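Enquirer: Any chance you could fold what I've pasted below:
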Amino acid sequence: MDLELVTIGTELLLGFTVDTNGAEIAQALAAEGARIVRRTAVADRPDHIREAVESALGRTGAVLTTGGLGPTRDDMSKRVVAELLDLPLEFDDTVWADVLARYARFQRTPAASNRSQAEVPAGATVLRNRWGTAPGLWIEHPYAESPRGTGLVIMLPGVPFEMRMLLQHEVVPRLAGRSDGAVIRSLTLRTTGIPESTLAERMGEIEREIAPLTLAYLPGLDGVDLRLSAWQLGPEEAQQRLRSAAGIIRSRAEGVIYGEDDDDLAALVLDRARAKRLRLGTAESCTGGLVGGRLTEVPGSSDVFMGAVVCYHNDLKTSLLSVPPELIQAEGAVSEAVASAMATGALTRLGIDAAVAVTGIAGPGGGSESKPVGTIWLAVALGGVVETRKSVFGGSRHDIRARAAQGALSLLYKSLPH
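Expert: Sure, this is the predicted structure:
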């Protein structure tokens with residue numbers, strides 16, 4: 001089943017709000033064999049909303065909208081769609097009772113404008129919103145311009161959490177009942193520490209070998225994700241083909257793949273350390289605590305991660321981590337020797353089993369011919385051995401620091417026993 005997605009909200013077009021709903025909707029529907037074939041964003045203007053929905057129905061006969069279901073003047077999606085389909089709005093007492101009950105839970109009284117949220121196009125199915133006040137709507141109505149003679153309009157609120165819950169509990173089950181059994185499934189292999197071009201060279205002519213699956217390269221600050229997709233296949237065949245193709249990719253990208261799908265490298269580091277009952281810590285200069293931040297963002301990290309020493313100034317590298325000042329003078333703060341000394345100093349200072357250290361030049365100034373902006377030295381101290389790595393990252397100051405943190409986690413992950 002093909003659908004179009006229309007996201008409604010002037011704030012989306014101004015760039016003040018990032019549309020995360022579109023990605024979630026596409027992924028959830030694809031798993032049920034429903035494909036988003038076009039995405040359109042429009043402002044909170046009746047003519048723009050009408051044109052987008054009308055055009056979508058004319059092309060595919062099915063459209064899902066997000067946004068514009070609230071009680072304020074700029075929430076006009078429902079009224080526009082009702083007029084397009086020539087459906088009168090009717091007051092729904094059950095919806096209004098839900099609105100009143102939700103406000104009562106928070107000891108509040110709804111405004112008069114909230115009554116508009118209980119107005120429903122005649123014949124529409126209300127998708128009960130147990131997480132907010134604006135219900136979703138499922139509208140099927142004869143529509144001559146549709147390729148199928150019938151138009152399907154699914155309307156969801158734009159608030160991400162409410163949208164997500166309604167999508168999961170109300171929309172997906174209804175669409176699953178219409179599926180012919182074919183699905184669209186994807187599997188992502190996550191790599192780090194290798195450029196996209198080099199990775200593509202390793203893959204060779206893999207697209208021919210894995211057809212009809214497709215392969216997409218998705219570069220980001222953490223690395224390059226390789227996303228395999230199976231299109232309109234049965235669930236079992238799709239899974240088998242994805243696993244087979246993943247095996248080919250793993251054999252060609254050995255050493256740079258660290259996980260699949262939503263795997264977070266920081267979480268994998270913690271899991272590996274936890275399995276060996278190792279306590280971890282960080283010593284950070286240019287990253288200013290980003291590595292420790294990545295680790296502590298993972299729930300339950302406190303049983304593994306002990307703490308961090310953020311020693312941005314050279315004096316603190318000496319006073320907190322016992323890095324000899326003459327070493328800094330001779331080699332420079334951004335050097336293999338200082339990174340190693342920082343890592344070994346953190347072991348003693350924090351009383352831990354393994355430490356990762358980061359020192360570098362994040363820019364935009366401070367670089368030289370021998371040490372350009374983006375030069376990063378990493379070190380991991382564990383079991384009496386110190387492993388080091390040098391990288392030169394590109395991008396903005398933000399990019400360099402983020403890539404340095406990912407590189408530190410990667411080196412730590414590979415250094416931990418497993």
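
Enquirer: hmm, who's touching stretch 4-20?
Expert: Outside stretch 4-20, the residues within contact range by Cβ atoms under 8 Å, 6 or more residues apart in numbering are 21-22, 25-26, 36-45, 49, 52-53, 56, 59-60, 62-68, 74, 77, 158, 160. Just so you know, the C-beta spots here come from the backbone N, C-alpha and C atoms, and that holds for glycine as well.

Enquirer: Buried residues, that stretch. List them.
Expert: Residues Glu4, Leu5, Val6, Thr7, Ile8, Gly9, Thr10, Leu12, Thr17, Asp19 are the ones in stretch 4-20 that count as buried (16 or more other Cβ atoms under 10 Å).

Enquirer: before we move on, what about stretch 405-418?
Expert: Ala405, Gln406, Gly407, Ala408, Leu409, Ser410, Leu411, Leu412, Tyr413, Lys414, Ser415, Leu416.

Enquirer: Okay, and which of those residues map to helices?
Expert: Ala405, Gln406, Gly407, Ala408, Leu409, Ser410, Leu411, Leu412, Tyr413, Lys414, Ser415 (DSSP state H).

Enquirer: Nearest to Asp264 among these?
Expert: Closest approach to Asp264 among these (Cβ to Cβ): Leu409, at 9.2 Å.

Enquirer: Can you give me the distance of that closest one to Val356?
Expert: As for Leu409, its distance to Val356 is 8 Å (criterion: Cβ to Cβ, to the nearest Å).

Enquirer: Need the overlap of contacts for these two.
Expert: Counting by Cβ under 8 Å, 6+ apart, the contacts common to Leu409 and Val356 are Val291.

Enquirer: Does the residue nearest to the spatial centre of the chain belong to a helix, a strand or coil?
Expert: For the chain, the residue nearest the mean C-alpha position is Asp262 (7.8 Å; Cα atoms, centre = their mean). At Asp262 the chain is in coil, as set by DSSP: H, G, I helix; E, B strand; the rest coil.

Enquirer: Provide a list of residues in contact with the closest residue to Leu57 other than its chain neighbours.
Expert: Nearest non-adjacent residue to Leu57, counting by Cβ to Cβ, 6 or more residues apart in numbering: Gly151, 4.5 Å away. Contact partners of Gly151, counting by Cβ under 8 Å, 6+ apart, are Leu57, Gly61, Ala62, Val63, Leu85, Ile139, Glu140, His141, Pro142, Tyr143.

Enquirer: Please report which of these has the highest neighbour count.
Expert: Val63 (27 neighbours; other Cβ atoms under 10 Å).

Enquirer: sorry, back to before: closest one of the buried residues of stretch 4-20 to Ser322?
Expert: Checking the buried residues of stretch 4-20 against Ser322 with Cβ to Cβ, the nearest one is Thr17 at 48.2 Å.

Enquirer: quick one: that closest one from Pro142, how far?
Expert: Taking Cβ to Cβ, one finds Thr17 at 35 Å from Pro142.

Enquirer: Repeat that for Trp231.
Expert: 31 Å.

Enquirer: what do you get for Gly68?
Expert: 24 Å.

Enquirer: where does this structure have low pLDDT?
Expert: Within the chain, the ranges that satisfy pLDDT under 70 run 179.

Enquirer: now, which of the contacts of Gly151 lie within strands?
Expert: In strands, defined here by DSSP state E, the members of the contacts of Gly151 are Ala62, Val63, Ile139, Glu140, His141, Pro142.

Enquirer: I figured the third one hits Leu87, correct?
Expert: By that I understand Ile139. Yes. Ile139 lies in contact with Leu87 (Cβ atoms under 8 Å); the separation is 7.4 Å.

Enquirer: How about the contacts made by Ser302?
Expert: Counting by Cβ under 8 Å, 6+ apart, the residues that Ser302 touches are Thr296.

Enquirer: Can you show me the helices along the stretch 201-350 of the chain?
Expert: Assigned by DSSP state H, counting those that start in this stretch, the stretch 201-350 of the chain shows helices spanning 206-210, 235-252, 265-275, 290-296, 314-321, 325-331, 336-350.
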